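S.K.: Quick one, fold the following:
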Amino acid sequence: PNIARINHTQMRQINLAFCAKSGLHPYLPRVTVKHEMKRRFLKTIPRVLVVMPNVEKACRDKLRGILRYARRNGPWDVQTFDSHPFNTQLGSLRNWKPDGVIYGNDPNLPPFPHLCGIAGVRLDSPLKDALSSVRHSSRLIAEAAAEHLLQLGLIYFGFVGSVPTFGWSETRAVSFAAHLAQAGYTSQTYASTHPEDWGLEQPYMRAWLESLPKPCGLMVAMDLRAKQVLDTCLAAGIRVPEDICVVGVDNDETVCENTTPTLSSVLPDFEEGGYLAAELLDRQMRGLLDKPSHIQYGVKQVVQRRSSLFILHSGHLLSSALEFIRLNACAGIRVADVVAHMNVSRRQAERHFRTIRGCSILDEIQRRRLEQVCKLLRETRMAISEIGTRCGYGSEIYLKVLFKKRHGMTMRDYRKAYGKKLTDKR
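M.R.: Modelled structure (predicted):
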């Protein structure tokens, strides 16, 4: 199946299967460790310091996971080390001494020598020391991107890394090429010539992009770097996705929804990473670990947008229609609206969809709407009637009948089965 259509539960199963095969440890074991220390009972509410910037969306997702764990298993007194202008600053840590610390990956944050000896976990930090750690799996990220591009029917591929090059970027490049090699394909990697100056580098990137065989699938190590690739394609007149399909990493919506065209991106399960870091820290503060533990988390999903809406042998017409449906499915659009957007006859439009997508225009609209319905059922407590209205259904009864037909269960049962897992995951 197309990885863009894989739901959260299926992606979680893929992560577990992959990690079992490769020897990774995506989730903290639910059993007590073999050499367990004597359990310590907490006498006061634990003070937990999160040393991580809150500017990037990925960091905010990780913080959400930390706070979610604290809410369910606390209470905790969680403070972040930032400089918000309208909030009392944390000040000296000698006046507010934490019981545990979660360290992020910001190299610009000051050192904390007086925190030595305090329970600590590194979250996606490049530092490797005596502390326990939780890190994303760059290998899984690259696998997801490669599989997504392979499912589009492409046979030419390339990779653009971070600037400067970091270890995680190199791992993604190697893993991307390795997964493609298993399918019988090769990948070209872009080498930055002027990493210190974008104005000097862009002409070289342009020449490299123009030299690639077309159509080509391109993985970029992160979304901001992918924006530079899309800007260069736009300047060079290289069509995206017709000539080059681009997939970034992080799913930073501020970037992805405002590029030309909109950017597809691999979304690592950052919130799960934050949750695991908090869980690992909790075990340390309670004396349940006598040695450092190192675990990894995987991918939540591939969020497909227009930059990878490539349909083999279809041209721009169908990819434009799919993007129109993606943006407007929940706004109450009808088949006639899609046909008008395509500017062809209804018969020709339907033939395009059935030949290439294997479904009708209405089926595609319903699929997008039901995806959003499932998301709201899993992630919110919104009333079913309100979910129907938000997703473009005028009749709640019709939605309930359609949902049960497609998923084999009622909307209420779906929420109990999957929403409860989200709420009480552990």
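S.K.: and stretch 356-366, which residues are buried?
M.R.: 356-357, 361, 364-366 (16 or more other Cβ atoms under 10 Å). All C-beta spots, glycine's among them, are computed from the backbone N, C-alpha and C.
S.K.: Pick the one among the residues you listed closest to residue 159.
M.R.: Taking Cβ to Cβ as the measure, residue 159 lies nearest residue 356 of those, at 27.4 Å.
S.K.: The closest one touches residue 321, doesn't it?
M.R.: No. Contact criterion Cβ atoms under 8 Å: residue 356 and residue 321 do not qualify, at 10.5 Å.
S.K.: Dump the buried residues of stretch 356-366 into a markdown table; add distance to residue 220 as well.
M.R.: Putting those into a markdown table (distance: Cβ to Cβ, whole Å) gives the following:
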| residue | distance to residue 220 |
| --- | --- |
| 356 | 26 |
| 357 | 26 |
| 361 | 32 |
| 364 | 27 |
| 365 | 30 |
| 366 | 32 |
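S.K.: In helices only, show me those.
M.R.: Residues of those located in helices (DSSP state H): 361, 364-366.
S.K.: May I see the residues you listed arranged in JSON lines, with distance to residue 251 as well?
M.R.: Conversion of these to JSON lines gives the following (distance: Cβ to Cβ, whole Å):
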{"residue": "361", "distance to residue 251": "27"}
{"residue": "364", "distance to residue 251": "22"}
{"residue": "365", "distance to residue 251": "23"}
{"residue": "366", "distance to residue 251": "24"}
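S.K.: for this structure, what are the low-confidence residue spans?
M.R.: 1-40, 82-93, 106-116, 311-316, 420-426 (pLDDT under 70).
S.K.: Work out which residue lies at the spatial centre of it.
M.R.: Nearest to the geometric centre of the chain sits residue 267, at 0.9 Å (Cα atoms, centre = their mean).
S.K.: Now it. Nearest residue, chain neighbours left out?
M.R.: Excluding the flanking residues, the one nearest residue 267 by Cβ to Cβ, 6 or more residues apart in numbering is residue 251, at 3.9 Å.
S.K.: The residue nearest to the centre of the chain bridge partners, please.
M.R.: residue 301 (DSSP bridges).
S.K.: Report the contact partners of it.
M.R.: Residues in contact with residue 267, defined by Cβ atoms under 8 Å, 6 or more residues apart in numbering, are 250-251, 299-303.
S.K.: Buried ones among those residues?
M.R.: The buried subset of the contacts of residue 267 (16+ other Cβ under 10 Å) comprises 250-251, 299-303.
S.K.: want to throw those residues into JSON lines with distance to residue 275?
M.R.: Shown next, in JSON lines, are the buried ones among the contacts of residue 267 (distance: Cβ to Cβ, whole Å):
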{"residue": "250", "distance to residue 275": "18"}
{"residue": "251", "distance to residue 275": "18"}
{"residue": "299", "distance to residue 275": "15"}
{"residue": "300", "distance to residue 275": "12"}
{"residue": "301", "distance to residue 275": "17"}
{"residue": "302", "distance to residue 275": "21"}
{"residue": "303", "distance to residue 275": "20"}
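S.K.: of those, closest to residue 271?
M.R.: Taking Cβ to Cβ as the measure, residue 271 lies nearest residue 300 of the buried ones among the contacts of residue 267, at 8.0 Å.
S.K.: Please tell me I have it right and that closest one contacts residue 268.
M.R.: Yes. Using Cβ under 8 Å, residue 300 is in contact with residue 268, at 6.7 Å.
S.K.: Need the three-state assignment for the closest residue to residue 124 other than its chain neighbours.
M.R.: Distance criterion Cβ to Cβ, 6+ apart; nearest residue to residue 124, sequence neighbours excluded, is residue 105 at 4.8 Å. Secondary structure, DSSP: H, G, I helix; E, B strand; the rest coil: residue 105 is coil.
S.K.: list the contacts for residue 105?
M.R.: Taking Cβ under 8 Å, 6+ apart as the criterion, residue 105 is in contact with 52, 123-126.
S.K.: Distance of it relative to residue 306?
M.R.: 30 Å (Cβ to Cβ, to the nearest Å).
S.K.: same check, this time on residue 46
M.R.: 46 Å.
S.K.: Please say which of those two ends up with more neighbours.
M.R.: The neighbour count for residue 46 versus residue 306, taken as other Cβ atoms under 10 Å, is higher for residue 306 (23 against 20).
S.K.: First-to-last residue distance for stretch 250-258?
M.R.: 15 Å (Cα to Cα, to the nearest Å).
S.K.: doesn't residue 75 fall inside a strand?
M.R.: No. Counting by three-state DSSP, residue 75 falls outside a strand, being coil.
S.K.: How about it: what's its closest non-neighbour residue?
M.R.: residue 45 (5.5 Å).
S.K.: helix, strand or coil for residue 238?
M.R.: Relying on three-state DSSP, one would call residue 238 coil.
S.K.: and it, what does it touch?
M.R.: Residue 238 is in contact with 209-210, 232, 244, counting by Cβ under 8 Å, 6+ apart.
S.K.: Can you flag which of those belong to strands?
M.R.: Within the contacts of residue 238, membership in strands is found for residue 244, as judged by DSSP state E.
S.K.: Now, of the contacts of residue 238, which are buried?
M.R.: Buried, going by 16+ other Cβ under 10 Å: 209, 232, 244, out of these.
S.K.: unless I'm mixing things up, residue 272 is touching residue 297, no?
M.R.: Yes. Using Cβ under 8 Å, residue 272 is in contact with residue 297, at 5.0 Å.
S.K.: So if I had to pick from these two, which one is more boxed in?
M.R.: Neighbour comparison, residue 272 and residue 297: the larger count goes to residue 297, with 30 against 24 (by other Cβ under 10 Å).
S.K.: Which residue, neighbours along the chain excluded, lies closest to the more buried one?
M.R.: Nearest non-adjacent residue to residue 297, counting by Cβ to Cβ, 6+ apart: residue 273, 4.5 Å away.
S.K.: Number of residues surrounding that neighbour?
M.R.: For residue 273, the count of nearby residues is 24 (other Cβ under 10 Å).
S.K.: one step back: so who does the residue nearest to residue 75 touch?
M.R.: With Cβ under 8 Å, 6+ apart, residue 45 has these contacts: 74-77.
S.K.: just the strands in this protein please.
M.R.: 47-51, 77-80, 100-103, 119-123, 132-136, 156-160, 187-190, 216-220, 244-249, 264-268, 294-297, 299-303.
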